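J.: My questions concern the predicted model and sequence given below.
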Amino acid sequence: MDTESGEPVMKKSPSTEPSPGPATKLLDKDQPPKLSGKAWGRVSQFVRGKSDFPLSVFFIVGTEFCERFSYYGMKAILVLYMTNILLQPENTATALYHTFNMLCYFTPIFGAMIADGWLGKYRTILYISMIYMVGNIVMCLTALPPQTTGHPEIAGPMIGLVLIGLGTGGIKPCVSAFGGDQFTPDQEGPLQKFFSVFYFSINAGSLISTFMTPILRHDVQCWGNDCYALAFGVPAVLMFIAVTIFFLGRTVYKIYPSTGNIVWQVVETTAYAINNRCRHKHTDQKKAHWMDWAEDKYDPKLVTDIKDLYHILVMYLPLPIFWTLFDQQGSRWTLQAQHMDGSVGSWTIKPDQMQALNPVLIILFIPFFEVCVYPCLRHFNVPFRPLQRMTVGMLLAAVAFVLAGFIQLKIDSNEISLPGESRALVKVFNAAPCDIDVDSKFYTGPVPYANTTDYIDWAVGPYETTLKSSCEGIEGTTFNTKLEGRKGGNAVDLFVYNKQNTLGVVQVRGQLTKPPKGLSSLSLGWFTDNPSLDTDNLTVVVAHSNRKYNFEIPQYNITEYQEVEPDTYNIFLLGSNITVGQFETEQGGIYRLLLQPTNDPNSQEMTLKYHTEVEPNRVSMFWQIPQYIIITAGEILFSITGLEFSYSQAPASMKSCVQAAWLMTVAIGNLVVIIVAEAKIVDSQALEFFLFAGLMTLIVIIFAIMSYFYVYITPQGYEEHDEHGLLPSGHKDEEEEVPPKTPDGDGAIAMEGSYQGGDIIDPNQ
């Protein structure tokens, strides 16, 4: 789920800024929206045009749907584009993906400053959306040849991603706020309905695009490859539609002028307080709180609000690690899915489609938690206040990564591990018409007809190898085999064949790294001396229905690997209707198909033998579903509750600062992934998953301790409904229960002088 779904509207301190309009005042007392069961009726009324919304809201919701479709559609296929087209290693692709994510959540603070202090919300959204659209167009253009021909340039895609990051981050804090400005003070009910519809449009755009763009990428072929140009082009078109819709509504919008930026005021006031304190550090003058050093220049109400803000932000320090785990759904988990089996009967799930589970589960889980989980806990008097919810949410993220680690261990058990640079793997293929014997340091023994040895792990270097045939009339041979080491590992395949009654050998590099995108890899060899095939190069066609792959095979040699769709294929010679065999490929499998003599040295007939180099993916992609369920439940408890907690504790004038800080935790969380991926702390992906789970568990312990000692406050001059029992009973709605009089782990008794901000709430009160 997008963290902007609980997005607050930018608020201004009434003591320091003019009021931007009546709707903003109304929004100052609104809690972040939740999507309960009633929301579905609100969405239905909106779609049927029977809601009591201002006309301008329809333009804003349409803009948000198209923009989210564009963003999530592009993002869904991004990591595969980096690995498969830009040919970046998985660690580098992961680092680039999370750098982009970090940019998307770092730039909102600048978008808010531009909107509030210079251009206003309308012009900020319009102008920055145009930058956003250009970024999408650049991504589409950089997916055209020659980018897709094996010689990509990374500069173009990086420019496109920077523009998109600036665009989506720049408008993120403005769109929902601008929607709220369209309502009048007497439209509090429609305003709440608007946030439900707005939230639904975010998840609907995310769900549809995350499911659709992988299909456009994979099922449509462009220039002999997956059609990334189309998959990036559709989000670009949707972004153009978003800009057009937003522009068309210009005559019906309520547009308020910019009023100055509270974030910048906080920075200025804080800097002045620190500087003033440093200038008086050698004097006897003391202050109850370090922010009090700013009261001689700034409004005391503003200073008090900033104290309340920092009281909350201390609790934000451990939060980035949750986003470190959560945002890997689009990187490490997608790369993990590439090594899994997505077969469902005749249909195949694409690895990047698994991300669609998150918005689906979000839409299902939010009403489930609101209608079932939370009421049940209240019914049985189970204390489950906001900080406790967030702690459980973080713990669930750790559990999800433990499951991902165990799944990775199972995946790794079905794959061949490549050795280090000082060693190599070697395998002998028998393409001769009879059994052979091999005598070398790395292997001594027989290799039956049409069989192979296992891969042998051996030290690099030259080795003399002697081959003997069990067939009379076929002479043996002696040759030098050179085993070379490579960074990342190396495999050597030796193909033994009969040419004019003498054994020969061709040495090629093996491939043990599974093909991307859930495809298969196929290589063909030709090792016969058939007079009827009067050619030095044989063209073999591997075909099924509308799929056809041509292999040009030199005689007594073998082709490079070619990626093919998993399917059952007929294999025949070009120009001939004679089928020489049938073969089935599966996801992730690597195969060698050899046209070789029959087991009769006097026969000139040819037969097809196949060898499975690497077993296909055997772990079903459905095993990822539990980890998606668990981390999505964690998101519900962590993200939505965290925003609600923050806004119930923050002064009305500081809500935009809370939002900026919340989005910054997402950016920092992605920075942690970048550091781990680039540092290559561990070589095993499974160990990396367990490392993140352990780190999250440590953070859970730290956050639980911080929560126990956290002192709840009522910000001065801040009157809102308290949905979580944070305020004394005098402040509560009639429908809410008074919190228990015993401390429950989220609070602690306030000591005299321990806090100098708003009113302290003693949880024992």
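T.: Ah, there it is.
J.: Next secondary structure after the helix or strand where Ile306 lies?
T.: Per DSSP states H and E, Ile306 falls inside helix 300-313. Next in sequence after helix 300-313, counting helices and strands by DSSP H and E, comes helix 320-326.
J.: just checking, what packs against that following helix?
T.: helix 386-413, helix 625-635, helix 655-679, helix 685-708 (3 or more CB pairs under 8 Å, 6 or more residues apart in numbering; DSSP states H and E). Placement of C-beta: from N, CA and C, glycine included.
J.: what about it, distance to the chain center?
T.: How far helix 320-326 lies from its chain's middle: 11 Å, per CA atoms, centre = their mean, to the nearest Å.
J.: heads up, I number from 34, so please use that
T.: Will do, 34 is the new start, and the previous item becomes helix 353-359.
J.: in it, what counts as buried?
T.: Pro353, Ile354, Phe355, Trp356, Thr357, Leu358, Phe359 (16 or more other CB atoms under 10 Å).
J.: who touches the closest residue to the second one other than its chain neighbours in this structure?
T.: What that stands for is Ile354. Excluding the flanking residues, the one nearest Ile354 by CB to CB, 6 or more residues apart in numbering is Ile732, at 4.6 Å. Ile732 makes contact with Pro351, Ile354, Phe355, Met427 under the criterion CB atoms under 8 Å, 6 or more residues apart in numbering.
J.: Which one of these is nearest to Val285?
T.: Minimum distance to Val285 across the contacts of Ile732 is 39.9 Å, recorded for Phe355 (CB to CB).
J.: Nearest spatial neighbour of that closest one, chain-adjacent residues omitted?
T.: Distances taken as CB to CB, 6+ apart place Met427 nearest to Phe355, at 5.2 Å, with adjacent residues excluded.
J.: per-residue pLDDT, that neighbour?
T.: We have a pLDDT of 96 for Met427.
J.: That one and Phe671 touch, don't they?
T.: Yes - Met427 lies in contact with Phe671 (CB atoms under 8 Å); the separation is 6.0 Å.
J.: Give me the common contacts of these two.
T.: With CB under 8 Å, 6+ apart applied, the overlap between the contact sets of Met427 and Phe671 consists of Phe355.
J.: Check what pLDDT Leu194 gets.
T.: 96.
J.: actually Asp779, not the one I wrote
T.: Looking at Asp779, the pLDDT reads 33.
J.: again, but for Met687
T.: Met687 carries a pLDDT score of 80 in this model.
J.: Find the residue closest to it in space, skipping its chain neighbours.
T.: Leu342 (4.4 Å).
J.: re earlier: now the helix holding Ile339 - C-alpha only, CSV.
T.: Extracted C-alpha coordinates of helix 333-346, given in CSV (Å, rounded to 0.1, in the frame of the first residue of the first chain):
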residue,chain,number,x,y,z
PRO,A,333,5.7,30.8,22.3
LYS,A,334,2.8,28.8,20.9
LEU,A,335,4.9,27.8,17.9
VAL,A,336,7.8,26.8,20.2
THR,A,337,5.4,24.7,22.3
ASP,A,338,4.1,23.0,19.2
ILE,A,339,7.6,22.2,18.0
LYS,A,340,8.4,20.6,21.4
ASP,A,341,5.3,18.4,21.0
LEU,A,342,6.5,17.5,17.4
TYR,A,343,10.0,16.4,18.6
HIS,A,344,8.4,14.4,21.4
ILE,A,345,6.7,12.3,18.7
LEU,A,346,9.7,12.2,16.3
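J.: So which bits of it are buried?
T.: Neighbour-count burial for helix 333-346 flags 334-346 (criterion: 16+ other CB under 10 Å).
J.: Kindly report the same for stretch 595-608.
T.: Of the residues in stretch 595-608, those buried (16+ other CB under 10 Å) are Gln595, Glu596, Val597, Glu598, Pro599, Asp600, Tyr602, Ile604, Phe605, Leu606.
J.: before we move on, what about stretch 544-559?
T.: In terms of neighbour count (16+ other CB under 10 Å), stretch 544-559 has its buried residues at 544-545, 547-559.
J.: For that stretch, measure first residue to last.
T.: Its start and end residues considered, stretch 544-559 measures 18 Å (CA to CA, to the nearest Å).
J.: Pretty sure Ile701 sits against Pro353.
T.: Yes - between Ile701 and Pro353 there is a contact under CB under 8 Å: 3.9 Å.
J.: Show the end-to-end separation of stretch 210-224, please.
T.: Note: stretch 210-224 ends 11 Å apart using CA to CA.
J.: got a pLDDT number for the nearest residue to Phe439 once chain neighbours are set aside?
T.: Residue nearest to Phe439 in three dimensions, not counting chain neighbours: Ala719, with 7.7 Å by CB to CB, 6+ apart. You'll see Ala719 listed with a pLDDT of 94.
J.: Distance check, Ala719 against Glu668.
T.: In this view, Ala719 and Glu668 are 23 Å apart by CB to CB, to the nearest Å.
J.: So the two - more neighbours on which side?
T.: Using other CB atoms under 10 Å, the more surrounded residue of Ala719 and Glu668 is Glu668, with 25 against 18.
J.: shouldn't that one be in contact with Gly426?
T.: Yes - if you go by CB under 8 Å, Glu668 and Gly426 touch, sitting 6.8 Å apart.
J.: Could I get the average pLDDT for stretch 237-254?
T.: For stretch 237-254, mean pLDDT is 88.
J.: Can you give me the buried ones in that stretch?
T.: 237-247, 249-251.
J.: how about the residues you listed in CSV, adding secondary structure and distance to His322?
T.: Output for the buried residues of stretch 237-254, formatted as CSV (DSSP: H, G, I helix; E, B strand; the rest coil; distance: CB to CB, whole Å):
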residue, secondary structure, distance to His322
Ala237, helix, 46
Gly238, helix, 44
Ser239, helix, 42
Leu240, helix, 47
Ile241, helix, 50
Ser242, helix, 48
Thr243, helix, 47
Phe244, helix, 51
Met245, helix, 53
Thr246, helix, 51
Pro247, helix, 53
Leu249, helix, 56
Arg250, helix, 55
His251, helix, 58
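J.: any weak-confidence spans in the stretch 684-798 of the chain?
T.: 747-798 (pLDDT under 70).
J.: mind checking which helix or strand Pro479 is in?
T.: According to DSSP H and E, Pro479 maps onto strand 477-480.
J.: got the contact list for Leu352?
T.: By CB under 8 Å, 6+ apart, the contact list for Leu352 reads Gly675, Thr698, Gly702, Phe736.
J.: top of the residues you listed by neighbour count?
T.: Result: Gly675 is most packed of the contacts of Leu352 (other CB under 10 Å), 25 neighbours.
J.: measure Val270 to Leu199 for me?
T.: Applying CB to CB to Val270 and Leu199 gives a distance of 20 Å.
J.: okay, those two: which has more neighbours?
T.: More crowded of Val270 and Leu199, by other CB under 10 Å: Leu199, with 20 against 16.
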